[in-house]
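build the 3D model from these lines:
(one chain, ligands or ions: 1)
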Amino acid sequence: MKTPNIIAIDGPAASGKSTVGAILARDLGYLFFDTGVMYRAVTLAVINSDIPIKDEVKVTHLAETIRIDVNPPSLDDGRAYDVFLDGCDVTWDIRLPEVNYSVSPVSAYRGVRLAMTQQQRRIGMRGNVVMVGRDIGSVVCPEAELKIYLDASIEERARRRLIEVQGRGEEVDYKETLDSLIMRDRIDSTRTIAPLKITEDAVVINTDKLSIEEVVMKVKELIEDV
Ligand code: CDP
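As a prediction, the model looks like this:
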């Protein structure tokens, strides 16, 4: 069996991409690359600076100058990887509500996407990688041999995100979580550059009634068919 060199997993927020992608990469002995982390790191850098989110020129310049590193986890605190922003560990800070709030507007900027996509492509081209995001199959690695689009209803995704966030001890309610996902979905799928969309050659998996294990099984079946 020849395993696809690049497996692209795209889909809306909280559709299970990161969990499924991480398990799959572990089982295949592949690198797991969650591209959302990079957009989150840029957004955190903007928030930590005095640059307004609306200032596209300055935000883009910042995105071009910061250094983002993603390494294997160094702590046993539930993290799947370490994320460093200019040398500082920001693994948990990139999940803060203020980052959730601003990450989609920041990710819609052309220059920000260009800077991130170039780095992502370099890593993708090395192969043996499971890449997760919004535009992997469409823009970052259109040559990926297997493209999956994970979907789920907005209610189910909000329920999952709520459990995840509450599991970290944060206080949020269902309505807030739902509204935040709706806003992010809208911006991500209507932006001009690299919007979230289902490419013609992607296999759509609706995960509403599937457990993580069942989704992983389905993807493995697809890998065998490639
Ligand atoms: O984990 P969750 O699905 O909530 O989001 P994420 O994958 O961490 O991505 C956060 C945000 O980054 C998304 O809402 C998009 O705005 C942006 N993003 C993107 O534009 N392109 C990607 N390849 C990955 C993420």
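
how about the helices in the protein?
Assigned by DSSP state H, the helices in the chain fall at 17-28, 36-48, 56-65, 97-107, 110-124, 154-167, 174-190, 212-225.

since we're on residue 61, how many residues are nearby?
Using other C-beta atoms under 10 Å, residue 61 has 15 neighbouring residues. Where you see a C-beta, it was placed from the backbone N, CA and C, and this is true even at glycine.

enumerate every residue touching it.
Contacts here follow C-beta atoms under 8 Å, 6 or more residues apart in numbering; on that basis residue 61 touches residue 111.

out of the helices of the chain, which is closest to residue 203?
Closest to residue 203 of those, according to C-beta to C-beta: helix 212-225, at 5.8 Å.

ok, residues contacting that closest one?
Here helix 212-225 makes contact (C-beta under 8 Å, 6+ apart) with 1, 3-4, 7, 9, 16, 19-20, 23-24, 27-28, 146, 148, 150, 203, 205, 207, 210.

of those, just the buried ones, PyMOL syntax please.
Selection of buried members from the contacts of helix 212-225 for PyMOL, criterion 16 or more other C-beta atoms under 10 Å:
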select buried, resi 4+7+9+16+19+20+23+24+28+146+148+150+205+207+210
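
which regions of this structure lie under the pLDDT threshold?
1 (pLDDT under 70).

show me it divided up by domain.
Taking automatic domain parsing as the criterion, the chain consists of the domains 1-30+128-215, 36-127.

distance to residue 224 added to those domains, as a markdown table?
Converted to a markdown table, the domains of the chain look like this (distance: least, C-beta to C-beta, whole Å):
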| stretch | distance to residue 224 |
| --- | --- |
| domain 1-30+128-215 | 6 |
| domain 36-127 | 19 |
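
thinking again about what came up before, the helices of the chain: which one's closest to the ligand?
Ranking these by proximity to the ligand (C-beta to the nearest ligand atom) places helix 36-48 first, at 2.4 Å.

the closest one close to the ligand?
Yes. Contact between helix 36-48 and the ligand, assessed by C-beta under 6 Å from any ligand atom, occurs at 36, 39-40.

which residue is nearest the centroid of this structure?
Central residue of the chain (C-alpha atoms, centre = their mean): residue 36, 3.1 Å from the mean position.

do I have it right that that one meets residue 18?
Yes. Taking C-beta atoms under 8 Å as the definition, residue 36 is a contact partner of residue 18 at 7.5 Å.

at the contact with the ligand, which residues of the protein appear?
Counting by C-beta under 6 Å from any ligand atom, the chain sits next to the ligand at 13-14, 18, 35-36, 39-40, 103-104, 107, 133-135, 184, 188.

put the buried members of the residues you listed into a ChimeraX selection.
A single ChimeraX command is used to select the members of those judged buried by 16+ other C-beta under 10 Å:
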select :13,14,18,35,36,39,40,103,104,107,133,134,135,184,188
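
separation between the residue nearest to residue 82 when sequence neighbours are not counted and the ligand?
Sequence neighbours aside, residue 71 is the residue nearest to residue 82 in space, at 4.6 Å (criterion: C-beta to C-beta, 6 or more residues apart in numbering). Distance, residue 71 to the ligand, using C-beta to the nearest ligand atom, to the nearest Å: 17 Å.
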